[in-house]
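Participant: Starting from these lines, generate the structure:
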Amino acid sequence: MPTRLPTWGVPAALVALGVVPVVAGSLRLAELSGGAAVLPPDGRYTATPLPVVVHIVCATVFALLGALQFAPGVRARRPAWHRRAGRVLVVAGLGVALSALWLNQFFPNPDADRQVLYPLRVVFGVAMVAGLVLGLLAARRRDFGRHRVWMVRSYAIGLVAGTQVLTLGFGGAVLGRAPVTTALLMASAWVVNLVVAEWALRWPAARTGPRPAGALA
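Facilitator: Numbers count the residues shown, from 1 in each chain. Model prediction:
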């Protein structure tokens, strides 16, 4: 049994996971800028477009650039690029989390969505902000082990939209699409992402190789 994952296997899988929400976000941005409406209309987005734009742009950067941080070859050969990209990712991640918290607070939601997802979005939004800040502080202390832990957890929370595509697709086909069921399937994506993140952090065989001294993540 191999003891390491393929060098580009994890980044490629993460990019694939983020493709659908990134494409959907791009279509929504095109719509908000005056293009043709492709996605189902939502008056909330057109009424207050700024936080929506911030969320989509930051989420795109966070999902795609963040995937490259999991490539051990990039960390080993280009540690300076890894550090610069990490700083961009902290800013993008904070933009994702804070805009998500704003949208959750001020955009009205259906009852089932509100009851199930509202508190979870608050909890995980705050957790993502805390994880990014703790990860940055750990890097500044040169505690790269703790830095990696917090950044992986934050990335797992931030990539939830990609996993929701899968939980809604497969789960909805089996369990149906009642409002409460849909909300629970969306909530389950956080659980899936964090379970995988903890597995990757704790199981030595899941690691992609040694980190160079001074590498961030």
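Participant: Name the nearest residue to V20, ignoring sequence neighbours.
Facilitator: V165 (4.7 Å; CB to CB, 6 or more residues apart in numbering). No exception for glycine: its C-beta is placed from N, CA and C like everyone else's.
Participant: can you check F62 too?
Facilitator: A92 is the one closest to F62 (CB to CB, 6+ apart), at 4.3 Å.
Participant: Return the distance of the residue nearest to L32 when sequence neighbours are not counted relative to S33.
Facilitator: Counting by CB to CB, 6+ apart, L32 lies nearest to P49, which is 4.9 Å off, once chain neighbours are set aside. From P49 across to S33, the span is 9 Å (CB to CB, to the nearest Å).
Participant: who's more crowded, the two?
Facilitator: P49 (15 against 9; other CB atoms under 10 Å).
Participant: rewinding a little: pull the contacting residues for the residue nearest to F62.
Facilitator: C58, A59, V61, F62, L65 (CB atoms under 8 Å, 6 or more residues apart in numbering).
Participant: Give the buried subset of these as a ChimeraX selection command.
Facilitator: Selection of buried members from these for ChimeraX, criterion 16 or more other CB atoms under 10 Å:
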select :58,59,61,62
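Participant: Of the contacts of A92, just say which sits nearest to V196.
Facilitator: Nearest to V196 among those: F62, at 17.1 Å, using CB to CB.
Participant: wait, doesn't that closest one sit right on L94?
Facilitator: No. Between F62 and L94 there is no contact under CB atoms under 8 Å: 9.5 Å.
Participant: Now do the residue nearest to L32, the pLDDT please.
Facilitator: Per-residue confidence at P49 stands at 85 (pLDDT).
Participant: And it, how far from N109?
Facilitator: On the measure of CB to CB, P49 and N109 end up 18 Å apart.
Participant: now V133
Facilitator: V133 is 27 Å from N109, by CB to CB.
Participant: what's the answer for V196, then?
Facilitator: Taking CB to CB, one finds V196 at 27 Å from N109.
Participant: Kindly report the same for Y118.
Facilitator: Taking CB to CB, one finds Y118 at 7 Å from N109.
Participant: same question, V20
Facilitator: From V20 to N109 the distance is 22 Å (CB to CB).
Participant: Give me the neighbour count for R75.
Facilitator: The number of residues near R75, taken as other CB under 10 Å, comes to 23.
Participant: so it makes contact with H82?
Facilitator: Yes. Here R75 reaches H82: they are 5.0 Å apart, a contact under CB under 8 Å.
Participant: Next, the buried residues of the longest helix along the chain.
Facilitator: Determined from DSSP state H, the single longest helix within the chain is helix 111-140. For helix 111-140, the neighbour count (16+ other CB under 10 Å) marks 113, 116-117, 120-121, 124-125, 127-129, 131-132, 134-136, 138-139 as buried.
Participant: try stretch 177-189
Facilitator: Those would be T181, T182, A183, L184, L185, M186, A187, S188, A189, for stretch 177-189 by 16+ other CB under 10 Å.
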